[in-house]
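Participant: A predicted structure for the sequence below; I have some questions about it.
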Amino acid sequence: MAESASPNAVRDSVPETPDVVIITGMSGAGRTEAMHTFEDLGYFVIDNLPPSLILSVARMSGLNTGVGRHLAVVCDLRTQGHLFGELEDALKELEAHEYTYGVVFLEASDETLRRRYALVRRPHPIAFEGESTLEAVRRERTLLHDIREKATLVIDTTDLTSKDLRTRLRMAFSQLSDQQLMEVRVFSFGFKYGMPEEADLIIDVRFLPNPYWDPEMRHLTGQDAPVRDFVLDHPQTKDFLGTWHKLLDTVMPGYVAEGKSRLSIGVGCSGGQHRSVVLANETASYLMQEGYHVATSHRDLARAERHS
């Protein structure tokens, strides 16, 4: 069979944020990357689900409860010998129960798929004993022909990077921008309790004036107004924040452009009680104002000494 004739072709008639997305297509064309993308979009994702179970899983997942849940499933030929008939029946069931759906079909040229399997040194999942990878690819393409015709979105990944594929899927299935989709976690910590291993960025604010040395604030934390005002009103902090915000304005769009789905920023001081708490909260507030989805936590705040 000839190679796919229209690289990067997209047939786009997907319902806006459908309840159920069925991911199918050629083995090696990017189904695993698609799964990860839908997980990042907040979908409940199941791999290699028989089409006959899609409706049952949709019900169990609470898709009809009105809480904004969505389901993405991968259906392929690994265990389904009559995939088209079962999938067609499953789609009719979804329609009958008023679920919206989209069918994503991923493909690539025969030669591209052959090279991908050669690089990972794994056999094609439906290859018969003694059958070459190229022969298995061509046989799979024939078996999936009718499903491709049923698809609401067809993406040819021949010339796409993983990042490109993620972008295509996000554009089709999310109304949020890449910036809004990136999950940013900002947390405070105390260096004396150990460096955080999970942080992508760490900023050390131990150079700032320390409220700990004021007896009236020693037992307070960065969540208390006197400590917050002390830290933020200091000229040294104001100078720092101007530079810190400029750095964030530079690096954050770069992470978004690279397709990073999660970013963790650690703000550290000596004990994780005063300065780091204030600056972590301020950092989170600034990023939220810039349109990022931010969660805040304080790793060592529970260790702080408080008034009885």
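Facilitator: That came through fine.

Participant: excluding residues flanking it in the chain, which one is nearest the most centrally placed residue in the chain?
Facilitator: Using Cα atoms, centre = their mean, the residue of the chain that lies closest to the mean C-alpha position is residue 40, 2.3 Å off. Excluding the flanking residues, the one nearest residue 40 by Cβ to Cβ, 6 or more residues apart in numbering is residue 261, at 4.3 Å. The way it works is simple: take the backbone N, C-alpha and C, and place the C-beta from them, glycine included.

Participant: thinking again about what came up before, the residue nearest to the centre of the chain and residue 182, how far apart?
Facilitator: 9 Å (Cβ to Cβ, to the nearest Å).

Participant: between the two, what contacts are shared?
Facilitator: Jointly contacting residue 40 and residue 182 under the rule Cβ atoms under 8 Å, 6 or more residues apart in numbering are residue 261.

Participant: what's in contact with stretch 231-240?
Facilitator: Contact with stretch 231-240 is made by 205, 207-209, 211, 222, 241, 274-275, 278-279, 282, as judged by Cβ under 8 Å, 6+ apart.

Participant: hang on, residue 187 packs against residue 277?
Facilitator: No. With contacts counted by Cβ atoms under 8 Å, residue 187 stays clear of residue 277, the gap being 9.7 Å.

Participant: looking at these two, which is more packed in?
Facilitator: Neighbour count, other Cβ atoms under 10 Å: between residue 187 and residue 277, residue 277 has more, with 30 against 25.

Participant: name the helix or strand for that one, please.
Facilitator: When elements are assigned from DSSP states H and E, residue 277 belongs to helix 275-289.

Participant: after the top helix by length along the chain comes which helix or strand?
Facilitator: Ranked by number of residues, the top helix in the chain under DSSP state H is helix 235-257. Sequence order places strand 262-269 as the next helix or strand after helix 235-257, per DSSP H and E.

Participant: what pairs with that next one, parallel or antiparallel?
Facilitator: Strand pairing for strand 262-269, determined by DSSP bridges: strand 183-190 (parallel), strand 201-204 (parallel).

Participant: relative to residue 145, which of the contacts of stretch 231-240 is nearest.
Facilitator: residue 282 (57.0 Å; Cβ to Cβ).

Participant: need the contact list for that closest one.
Facilitator: By Cβ under 8 Å, 6+ apart, the contact set of residue 282 is 232, 241.

Participant: how far away is it from residue 70?
Facilitator: Using Cβ to Cβ, one gets 34 Å for the distance from residue 282 to residue 70.

Participant: quick one: low-confidence ranges for the stretch 51-200 of the chain?
Facilitator: Across the stretch 51-200 of the chain, the ranges flagged by pLDDT under 70 are 63-68, 78-82, 175-181.

Participant: just the helices in it please.
Facilitator: 54-60, 83-96, 110-120, 133-143, 145-150, 162-173, 178-181 (DSSP state H, counting those that start in this stretch).

Participant: hmm, back to that, now the angle between helix 275-289 and the following helix or strand past the helix holding residue 277, please.
Facilitator: Using DSSP H and E, the helix or strand that follows helix 275-289 towards the C-terminus is strand 293-298. If you take axes from the mean of the first three to the mean of the last three Cα atoms, to 10 degrees, strand 293-298 sits at 170 degrees to helix 275-289.

Participant: average model confidence for strand 293-298?
Facilitator: Per-residue pLDDT over strand 293-298 has a mean of 92.
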